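Q: make a model of this:
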Amino acid sequence: MEQSYAEANAKKKTTGSVIALKIILIILVILVFLASILISISTKINLLVLIGVAAIFGLIWYWPRFRVEWEYVFCDGQLDFDMIQGGERRKNILRIEIEDADAIAPIQSTKLDGYRHLEVRDYSSMNEKANVYGIATRLPEKEEKVMILFEPTSRMVELMQKKCPEIVSLS
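A: Just a heads-up that it's a prediction; the model follows:
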């Protein structure tokens, strides 16, 4: 029996809220550093400068986590969603069986019209030109239905349609 396997990646677009958060964190770290220097000068306790230095190193350590990629792996009917932060930290977010899904189709498809009211889990790049698909399914750990947005490759869609032709739609 032939194993069906496909994977895809989508780099998440940097949004305005992420840029604003970066700016706020930079300003906050600068203020903490300057405050620690001023307090250490006025109190003659030089160890307080370490608080400012620790804040700088904390920001440097956390900064790569703003770079997020999604990885989708389809293998024999299972679809895994992994989040990769900073190009190195990988975390499995979700695993679903596509046989349990109600519908899989391009996001603009009429097949998903009855599911537009569901809670959305966006695992896409947020790029307007991307080929985004939606999966209406019940989460394995909960009893609620959700709409999952992701960006599969054409090979992945083809393999999913072979596995479950009544669920997966190309249009």
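Q: list the contacts for R90?
A: 71, 82-84 (CB atoms under 8 Å, 6 or more residues apart in numbering). All C-beta spots, glycine's among them, are computed from the backbone N, C-alpha and C.
Q: neighbour count, distance to K163 and pLDDT added to the residues you listed, as a markdown table?
A: Below are the contacts of R90 laid out as a markdown table (neighbours: other CB atoms under 10 Å; distance: CB to CB, whole Å; pLDDT from 0 to 100):
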| residue | neighbour count | distance to K163 | pLDDT |
| --- | --- | --- | --- |
| E71 | 17 | 20 | 95 |
| D82 | 18 | 20 | 95 |
| M83 | 16 | 24 | 94 |
| I84 | 17 | 25 | 94 |
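Q: spatially, which two of these are the most separated?
A: Greatest spatial distance among the contacts of R90 (CB to CB): E71 and M83, at 7.9 Å.
Q: can you give me the buried ones in stretch 74-94?
A: 74, 79, 81-85, 94 (16 or more other CB atoms under 10 Å).
Q: can you give me the helices in the protein?
A: 16-43, 49-62, 154-163 (DSSP state H).
Q: domains of the chain?
A: Domain segmentation of the chain under automatic domain parsing yields 5-11+68-163, 16-65.
Q: re the thing from before, now, among the buried residues of stretch 74-94, which is nearest to L47?
A: Q85 (32.5 Å).
Q: which residues sit against stretch 129-140?
A: Under CB under 8 Å, 6+ apart, the answer for stretch 129-140 is 10, 79, 94-98, 100-107, 109, 112, 115, 118, 124, 144-152, 157.
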